[in-house]
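Chemist: Next come a sequence and a model predicted from it.
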Amino acid sequence: MKELVTIPQPKTYGPLGNLPLIDKESPVLSFCKLAEQYGPIFKMEFFGDFSIIYLSGHKFVEEVCDDSKFDKSLF
């Protein structure tokens, strides 16, 4: 059995969560820097109750895009 690992998350800033970490002038670069710091899988929280898990790198993106392994839903 594989060991479960906690998904890393940057420090949150009150009710805004991780929102202050995203540069409004270059948001993509902000996420690239976060991936360098926290690894290819990291979690961000926004406004206290909304969180998103981010993936970077071809290996992980290819894995989650495999329709035979994951169900997808649009919301």
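Modeler: Thanks, I have the structure now. Residues are numbered from 1 along each chain as shown.

Chemist: got the contact list for the residue sitting nearest the centre point of the chain?
Modeler: Centre of the chain computed as the mean C-alpha position; nearest residue by C-alpha atoms, centre = their mean is Tyr54, 2.2 Å away. Shown in contact with Tyr54 (C-beta atoms under 8 Å, 6 or more residues apart in numbering): 31, 34-35, 41-44. For glycine as for every other residue, the C-beta is placed from the backbone atoms N, C-alpha and C.

Chemist: I'd guess it is in a strand, am I close?
Modeler: Yes. Under DSSP: H, G, I helix; E, B strand; the rest coil, Tyr54 sits within a strand.

Chemist: Just checking, which helix or strand of the chain averages the lowest pLDDT?
Modeler: Counting by mean pLDDT, DSSP states H and E, the chain has its least confident helix or strand at helix 58-64, which shows a mean of 87.

Chemist: Off-centre distance for that one?
Modeler: In terms of C-alpha atoms, centre = their mean, to the nearest Å, the centre of helix 58-64 is found 13 Å from the chain centre.

Chemist: Appreciated, that's everything.
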